[in-house]
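**Q** got a sequence here, can you build the structure:
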Amino acid sequence: MKPKEILIQWVDAFNNAYVDTIVNLYDEHAVNHQVANEPVEGRQAIRAMFAAEFAAAKMTCIIENIFGDREWAILEWKDPHGLR
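**A** Next up is the predicted model:
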């Protein structure tokens, strides 16, 4: 699967709050970087982060840009209130 395809799956899972689907798209040793938070490392920590976030609020990812190459992709997104 190409990186852009993985991101599209991630956005779909995020918009449906499917924590297990999101987490399964990450490598066991992945690091998730959020602008407002410290990096979260490893699937279990990423699972806990998303579970807590989805429990606290309804979140929606609106794609602004996807940049990619053969081995990587970057997602720029906002929520319905314009938060980026």
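
**Q** helix or strand for the spatially most central residue of the chain, which one?
**A** The geometric centre of the chain, computed from its C-alpha atoms, lies nearest to W10 (Cα atoms, centre = their mean), at 5.8 Å. Assessed by DSSP states H and E, W10 sits inside helix 3-15.

**Q** tell me which other helices or strands that helix touches.
**A** helix 19-24, strand 62-68, strand 73-78 (3 or more Cβ pairs under 8 Å, 6 or more residues apart in numbering; DSSP states H and E). Placement of C-beta: from N, CA and C, glycine included.

**Q** out of those, which one sits most buried?
**A** Of all the helices and strands packed on helix 3-15, helix 19-24 carries the top mean neighbour count, a mean of 16, counting by mean count of other Cβ atoms under 10 Å.

**Q** the very next helix or strand once past it pairs with which strands, and in what direction?
**A** Toward the C-terminal end, the helix or strand that comes next after helix 19-24 (DSSP H and E) is strand 31-32. Sheet pairing of strand 31-32 (DSSP bridges) gives strand 40-41 (antiparallel).

**Q** quick one, what contacts the most far-flung residue of the chain relative to its centre?
**A** In the chain, the greatest distance from the average C-alpha position (Cα atoms, centre = their mean) is reached by R70, at 19.1 Å. Taking Cβ atoms under 8 Å, 6 or more residues apart in numbering as the criterion, R70 is in contact with 2-3.

**Q** which SS state does it fall under?
**A** Secondary structure assignment for R70 (DSSP: H, G, I helix; E, B strand; the rest coil): coil.

**Q** picking up where we left off before, pretty sure the residue nearest to the centre of the chain sits against L25.
**A** Yes: the pair W10 / L25 is scored as a contact, 5.3 Å apart, by Cβ atoms under 8 Å.

**Q** contacts only, for the residue nearest to the centre of the chain.
**A** Going by Cβ under 8 Å, 6+ apart, W10 touches 22, 25, 75.
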